[in-house]
Every structure is written in structure tokens, then in C-alpha cells.
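Trainee: Build me a structure from this.
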Amino acid sequence: MIMEKKPVKFYVVDAFTDTAFKGNPAAVCLLEEERDEEWLQAVAMEFNISETCYLTRINNHADSDQETDESNPRFHLRWFTPVAEVELCGHATLAAAHVLFSSGLVKSNVIEFLTLSGILTAKKIHNGPKVSNCTSKENFSIELDFPAVSVLECDPTDIPSIPLTLNGASIINIKKTNTTGFIIVELASGQIVAELEPQFDELLKCSAAGVIITGSAPHGSEFDFFSRFFCPKLGINEDPVCGSAHCALAPYWSKKLGKSDFLAYMASPRGGVLDLHLDENTKRVKIRGKAVTVMEGSVFA
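Mentor: The predicted model follows:
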């Protein structure tokens, strides 16, 4: 007898914003039973947004679903782009935590996620900083605890296509991350970052899986720096708001600006705001932001 699979509940959440259809969308799927990787990837391709993530609860107590003060709820968390599984994703982790907090599926203010990047935590912060034009009824922000990613020297002669890729934009510096090997390119200003129209056919020829561009925020801005993330090799031309990129951007800008707290803006057409704190001692980055649920439904396949 063939057992029919249960429908999988999902939510689509816009992360690093509290305004619907801004920030970065992520699909959050709640799994009650194991699904094979082919199915996980197929569903991510069906959503066809920057990330689809899958949550599976880890029961802390054999005889009870109730959480205690001594134990934070734990979930397995995996992230998939339309074409591949990734080892770290900020906005989908924020989206997953938002779903769990706002739906009442967890009662605590801290959630632990078991991931390919180790244990990551999400903390609910009541009365978080308000973003203008708020449409969310939830008055809280979420703080993620992520590993900092160091940046390494990157000789421009090793990547001769970058100036062409970026349509000849004035380049201040080029680095690369020591884990993913993403290229970080600092441009002359945040305004140039916001206005840039890259050549995606050239980006596909780049040796790196993704290119992060960044620049100082305009004078008088509330932000410290702007950035964008282009990753056509991962199945999407531009990741609208990439939380994990800031695991490297925070250390990069900390050395340039001599500070550890930042307000960052991802200047994609959708836009998104990230409140960052770099802890040099623990080599961790606290990434704070808001999110809003825009859809919910079920996957029946």
C-alpha cells in the first residue's frame, strides 16, 4: 500500500523589511516528514525565488511538545536556491524565525537552527527599530547570530572580466571571502552601487559563484554603506537582500571605518535594511531585521 504524502504548509515571507513586496522573499516550508533532496530542489525551483527553506522540528522532550525555560526550541533548517542547496542564508533564516514567532509555533524568544553552518540562533526583539511605511502588524524585529567571514586579498589581474562585468564602474578595491570565494568589489560610491546595471552574461563567466558590490553610503544618509549581490550561477541574477553577504561585509567595513556597529542598505530594486554588530572576540555577526508574511498555502505534490 502506497502512503499518500501529507500536504506541506508553506509561507512566503519578505525579509529585511516590514513592507510587503520589498526586501527579499523566501518560501518557508514546514516539514512533518522527511522528503528526498530531489523533491526539496524541485519545490525550490517551483517557487523560483532566491531561497526556499525547509524546517523540521527537533523534539526536545519525548513525552511533551511544551517548551521549558531551560531549553530553546530546535529545528533542522536547510536552504535551496532554484538550482542548488547552499550552506548559509540570512534572509531565509530570518523568514523562518518570523514564521515560527508570528504563528505561535514557538513560545520562547530564542530559536536554535541546526544547519550546514552549525547552530545558528534567532532572537525575538520586542519593539525593534521601526522602518518607515510599516505594513506589518508584528511589532518585533529578529536578531540572527551568524559566523563572521574573513576577507582575503584578491589580485585584480586574477579576475580581468570584473571591470567589463560592472560596465566599467570605478573600482576602489577587490577582495574575496575565505569560505564561499565570493568576490567583493568596492565601488567609488553607494550611489554607483544603486545605479549599476551589470552584464550578467559576463558574470556567468566569472570564476566566483557570486559578486558582492559595495560602496560608502551617500553623505547625510542614515546608512553606513550600500551593497548588492549578483549570483546568476546560483539560479537568480540578483539576490535582493542577502543577509549572509554581511557576514563578510561587516568585517570589511569595520576595518575601513574603525567601528563595529552598522546600518546597512541593500540597494536592489526591492531594497532592504540590516542592523549589524560585529563581535571581534567571538568572530560573530549579529544581523537584525524585520519581516512580513505575504502568502501562505500548501504544497500538495
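Trainee: From A194, how far out is S227?
Mentor: For S227, the distance to A194 equals 10 Å [Cβ to Cβ, to the nearest Å]. C-beta here means a position set from N, CA and C on the backbone, and glycine is covered the same way.
Trainee: for P82, same thing?
Mentor: 25 Å.
Trainee: same check, this time on S244
Mentor: Plainly put, S244 is 21 Å away from A194 if you go by Cβ to Cβ.
Trainee: what sits up against the lowest-mean-pLDDT helix or strand in the chain?
Mentor: None of the helices or strands of the chain scores lower by mean pLDDT, DSSP states H and E than helix 162-165, at a mean of 76. Outside helix 162-165, the residues within contact range by Cβ atoms under 8 Å, 6 or more residues apart in numbering are 156, 169, 171, 174, 183, 185, 198-199, 202-203, 206, 211.
Trainee: Can I get the buried ones among those residues as something I can paste into ChimeraX?
Mentor: For anyone working in ChimeraX, the buried entries among these, judged by 16 or more other Cβ atoms under 10 Å, can be selected with:
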select :169,171,174,183,185,198,202,203,206,211
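Trainee: before we move on, the earlier item: more crowded one of S227 and A194?
Mentor: A side-by-side neighbour count of S227 and A194, using other Cβ atoms under 10 Å, places S227 first with 29 against 21.
Trainee: so where is the stretch 151-300 of the chain shaky, pLDDT-wise?
Mentor: Scanning the stretch 151-300 of the chain for pLDDT under 70 picks out the ranges 155-160.
Trainee: Show the residue spans covered by the helices in it.
Mentor: Secondary structure of the stretch 151-300 of the chain, counting by DSSP state H, counting those that start in this stretch: helices at 162-165, 190-195, 200-203, 246-257.
Trainee: tell me the most buried of those?
Mentor: helix 246-257 (a mean of 22; mean count of other Cβ atoms under 10 Å).
Trainee: Report all helices and strands that that one contacts.
Mentor: Helices and strands touching helix 246-257, by 3 or more Cβ pairs under 8 Å, 6 or more residues apart in numbering; DSSP states H and E, are strand 151-153, strand 183-187, strand 211-216, strand 225-231, strand 261-266, strand 272-279, strand 284-289.
Trainee: in its sheet, what does the first one sit against?
Mentor: Using DSSP bridges, the strands paired with strand 151-153 in its sheet are strand 171-177 (antiparallel).
Trainee: Same check on the second one?
Mentor: When pairs are called by DSSP bridges, strand 183-187 turns out to pair with strand 171-177 (antiparallel), strand 211-216 (parallel).
Trainee: so how far is it from its chain's centroid?
Mentor: 18 Å (Cα atoms, centre = their mean, to the nearest Å).
Trainee: OK, contacts around the residue lying closest to D261 once chain neighbours are set aside?
Mentor: Spatial nearest neighbour of D261, chain neighbours left out: H277 (5.3 Å); criterion: Cβ to Cβ, 6 or more residues apart in numbering. H277 sits next to 250, 260-262, 285-286, 288 when contact means Cβ under 8 Å, 6+ apart.
Trainee: If anything else comes up later, I'll come back, but that's it for now.
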